[in-house]
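# sequence and predicted structure, then a few things I'm wondering about:
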Amino acid sequence: MLLNPAIMALIGVSVVVALLLLLAAGFAIQVMRHWDIHSGSELQLNLERRTYLISTILSYAFVAELVSLLLFVYNAEAMSTQFVGAMCATGVLNVDPWGWPTLFLKIAVFFAGGAWLILNRLDNQGYDYPLVRIKYALLLAIVPLVIAEAVVQTAYFLGLDPDVITSCCGSLFTPESEGVAAEVSSLQPRTAVIALYASGGLALLSGLATLRRRGAALLFAGSGLLAFVVALVAIVSYVALYIYEHPHHHCPFCILKSGHDFVGYYLYIPLFAATVLALGVGVLAPWRRIPSLVQAAAVDIRRFTWLALLGFTLFYVVATYAVVTSNLTMQGVWW
């Protein structure tokens, strides 16, 4: 096992958050069974007082999880010099079999936690807390995910062995290999760029439609999720090649290095933020007709839609700028 301040912080955050969510799960079960806003019983008053505290604790816990995703990727990139064969985060994640599952679980917690925070924000604006059971039911669904992430991440860090010779992006993200990464890498750039801008256009248009008609919110959430998946594929099969100015370098992590002006952070941060906000708009949409939430839901849907559109726009501007300013010219080969 390798220990550094970042690893200790990541383990500490995951363990603390998992424990907090376990405690909150006990409270959530009480709410699911006994919550009655029309009751003046001592139990109901106690639940109402405690829900303020639990909601605040959970808000800090999920924000910590959101930050830990960024720290996890940054730490994996920084540790690439400590393993033979590793040149970027790909090699570090390949050192132990739990590396990639940890990353995927962190991404899942990022979106689930973001959705919960947005739902909690809306519920707190209603005088009668109409979504309290729903948000705590969602919390009970998230708890196993957070615990799994804490366990898998700890197993990953415990399994890091500096004597292991690992394989890196050159062998994983290549069309000659096998698996999902190889399939994505082998996608024709022409196909990738069409899919990238078509899905982006759909997300932006559905977002604008959401601002004009509330009925388009679910379409915006779905198209935002589609744009997110397509964008990740396009980064590997198309955008990264122009950033590296190399027609066979597909790594989605090397673009985070200083040698490439940290352009990966300018791509990923707005993309992830826009996607979670778009999903949040979809989470809010079904509750916009609840009398105590009509005004708050309308304001939040509009605010989050604008922010998501800003994030998607930033991503496509950065991706396009990286391509058009690249010295890589594949005219006559790809186009």
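Thanks, I have it.
# could you pick out the longest helix of the chain?
Counting residues, the longest helix in the chain under DSSP state H turns out to be helix 42-78.
# put the alpha carbons of the helix or strand just after it into PDB.
Downstream of helix 42-78, the next assigned helix or strand under DSSP states H and E is helix 89-94. Provided in PDB are the C-alpha atoms of helix 89-94 (Å, rounded to 0.1, in the frame of the first residue of the first chain):
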ATOM      1  CA  ALA A  89      -3.800   7.900 -14.600                       C
ATOM      2  CA  THR A  90      -4.600   5.000 -16.900                       C
ATOM      3  CA  GLY A  91      -1.500   3.100 -15.700                       C
ATOM      4  CA  VAL A  92      -2.200   3.800 -12.100                       C
ATOM      5  CA  LEU A  93      -5.800   2.600 -12.400                       C
ATOM      6  CA  ASN A  94      -4.500  -0.600 -14.100                       C
END
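# skip ahead from helix 89-94 and say which helix or strand is next.
Counting by DSSP H and E, the next helix or strand C-terminal to helix 89-94 is helix 99-123.
# buried residues in the longest helix of the chain, which are they?
Neighbour counts over helix 42-78 (16 or more other C-beta atoms under 10 Å) mark 47, 51, 54-55, 57-59, 61-62, 64-66, 68-69, 71-73, 75-77 as buried. In short, each C-beta sits where N, CA and C put it, glycine included.
# phi and psi next, for the residue nearest to residue 84 when sequence neighbours are not counted.
Distances taken as C-beta to C-beta, 6 or more residues apart in numbering place residue 165 nearest to residue 84, at 4.8 Å, with adjacent residues excluded. The phi and psi values for residue 165, taken as degrees, to the nearest 10, are phi -90, psi 110.
# correct me, but residue 165 touches residue 91?
No - judged on C-beta atoms under 8 Å, residue 165 makes no contact with residue 91 at a distance of 9.8 Å.
# ok, the nearest residue to residue 160 once chain neighbours are set aside - contacts?
Excluding the flanking residues, the one nearest residue 160 by C-beta to C-beta, 6+ apart is residue 2, at 4.8 Å. By C-beta atoms under 8 Å, 6 or more residues apart in numbering, the contact list for residue 2 reads 79, 82, 157, 160, 162.
# low-confidence regions, this protein specifically.
Filtered on pLDDT under 70, the chain yields the residue ranges 1, 214, 332-335.
# I'd say residue 114 and residue 281 touch.
No - Residue 114 lies out of contact with residue 281 (C-beta under 8 Å); the separation is 11.5 Å.
# need the three-state assignment for the closest residue to residue 241 other than its chain neighbours.
In this structure, residue 241 finds its nearest non-sequential neighbour in residue 247, 5.7 Å apart by C-beta to C-beta, 6+ apart. In three-state terms, and counting by DSSP: H, G, I helix; E, B strand; the rest coil, residue 247 is coil.
# that'll do, ta.
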